[in-house]
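> here is the input, now give the coordinates:
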Amino acid sequence: MVAIAALEQQQLDEQQWRQLLVTGSVFLLADPTLNEAVRGIAESQLPETPEFNRLYWGELGRLHASLSPCLIRAHGSNWAELQQKICSQPGWGMAWVLEGDMQAYTPLQQLQLLVHHLRSWTWIADGDDTQLLRIADWKVTETLLSASSVEEAVDFLGPAAALVTINADGITRWQPKQGSQWQLAQQSTPRVLTDPQYQALRQMAEAITYRDYMTHLQQHHPVTRQWSTDDCLSFISKHVNQAQQHGFSGKQQQIKFLTLACLFGDDFWQLPWAKSILDAPRQGAEDRMYKLFRAAEAELDKEVAS
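Below is the predicted model:
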């Protein structure tokens, strides 16, 4: 579990959670890509305007409605169904809890306010580009909040007083520490994060990618199964950096670069057959990787022939 200094953490028992469903306004933010039931339940709450509770909007929402995270109102009457069909699934999402002044709004107004706020966090700037921030994934949200101040955490929660996670560790309420109040304001789009937030998200994404690479290597290169996790990740980090320096930024290109490092050694790119290709004028990463693999195959054929 990632430490979140800006939030207070409180374990809830089943009775406290059910009481919260009665006294607060609770909305589940759930990911339909992991659970087909999510979209059906979400649309049944607003059958005439199902797009109201989707985070993806406009043309993106129209084209990718089946992929859009959804907000689903949770209350005492439907909790048994939601618990069974959604919250019992690993990685389902999290609950957003509206309390206090937010209780003066109707349920539909609460939904509209929360959807509008969450949409403002879904599209973020990434250098000269933009990207979707998968805030329905608790790992992403947890990582973002771990790099946030109390004020920034309050800004992220917006109209919500707290988040609630429900998983194998139990039911946990997360709320900002005292000292800051959220103010409704016009947000620029795409949203610009702080440097620590960007760095934390990049490190998380890199760790996930490196784990995927490690799984691939262990499946296809038996020698790597004898390495410790730290040694394997160190090997991957070193050679991914080398791959990037040589212009290979795609995952498939980097996996191939790692494969060549497994077959020909740590510094294979300095071998004459590889160096001649990598030092030549660049004509596209795919073309250069194809040439590298063809040259590697020729070297392996030589070893077999000898």
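
> which stretches of the stretch 1-150 of the chain form helices?
Remark: helices assigned in the stretch 1-150 of the chain by DSSP state H, counting those that start in this stretch are 14-23, 37-45, 58-63, 79-82, 107-120, 138-146, 150-157.

> actually the stretch 201-306 of the chain, not the one I typed
229-245, 251-264, 272-278, 285-305.

> export the shortest one as CSV, just CAs?
Taking only C-alpha atoms (Å, rounded to 0.1, in the frame of the first residue of the first chain), the coordinates of helix 272-278 have been written out as CSV:
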residue,chain,number,x,y,z
PRO,A,272,30.4,-5.1,-34.9
TRP,A,273,27.2,-6.5,-36.6
ALA,A,274,25.0,-4.5,-34.2
LYS,A,275,27.1,-1.4,-34.1
SER,A,276,27.1,-1.0,-37.9
ILE,A,277,23.3,-0.9,-37.9
LEU,A,278,22.8,1.3,-34.8
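
> which other helices and strands contact that helix?
helix 285-305 (3 or more Cβ pairs under 8 Å, 6 or more residues apart in numbering; DSSP states H and E). Backbone N, C-alpha and C define where each C-beta goes, glycine included.

> hmm, back to that, what about the helices of the stretch 1-150 of the chain, which gets the closest to residue 132?
helix 58-63 (8.4 Å; Cβ to Cβ).

> got TSV for the helices of the stretch 201-306 of the chain, with distance to residue 111 and mean neighbour count too?
Shown next, in TSV, are these (distance: least, Cβ to Cβ, whole Å; neighbours: other Cβ atoms under 10 Å):
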stretch	distance to residue 111	mean neighbour count
helix 229-245	43	15
helix 251-264	37	18
helix 272-278	55	15
helix 285-305	45	13
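
> redo the ones you listed as JSON lines? Include mean pLDDT and distance to residue 117.
Output for those, formatted as JSON lines (pLDDT from 0 to 100; distance: least, Cβ to Cβ, whole Å):
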{"stretch": "helix 229-245", "mean pLDDT": "95", "distance to residue 117": "36"}
{"stretch": "helix 251-264", "mean pLDDT": "94", "distance to residue 117": "33"}
{"stretch": "helix 272-278", "mean pLDDT": "92", "distance to residue 117": "48"}
{"stretch": "helix 285-305", "mean pLDDT": "84", "distance to residue 117": "40"}
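
> mind putting the ones you listed into TSV with distance to residue 60?
Shown next, in TSV, are the helices of the stretch 201-306 of the chain (distance: least, Cβ to Cβ, whole Å):
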stretch	distance to residue 60
helix 229-245	29
helix 251-264	23
helix 272-278	39
helix 285-305	28
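
> quick one: which of the helices of the stretch 1-150 of the chain has the weakest pLDDT on average?
Ranked by mean pLDDT, the helices of the stretch 1-150 of the chain bottom out at helix 58-63, with a mean of 82.

> show me what it is in contact with.
For helix 58-63, contacts defined as Cβ atoms under 8 Å, 6 or more residues apart in numbering pick out 51, 54, 68.
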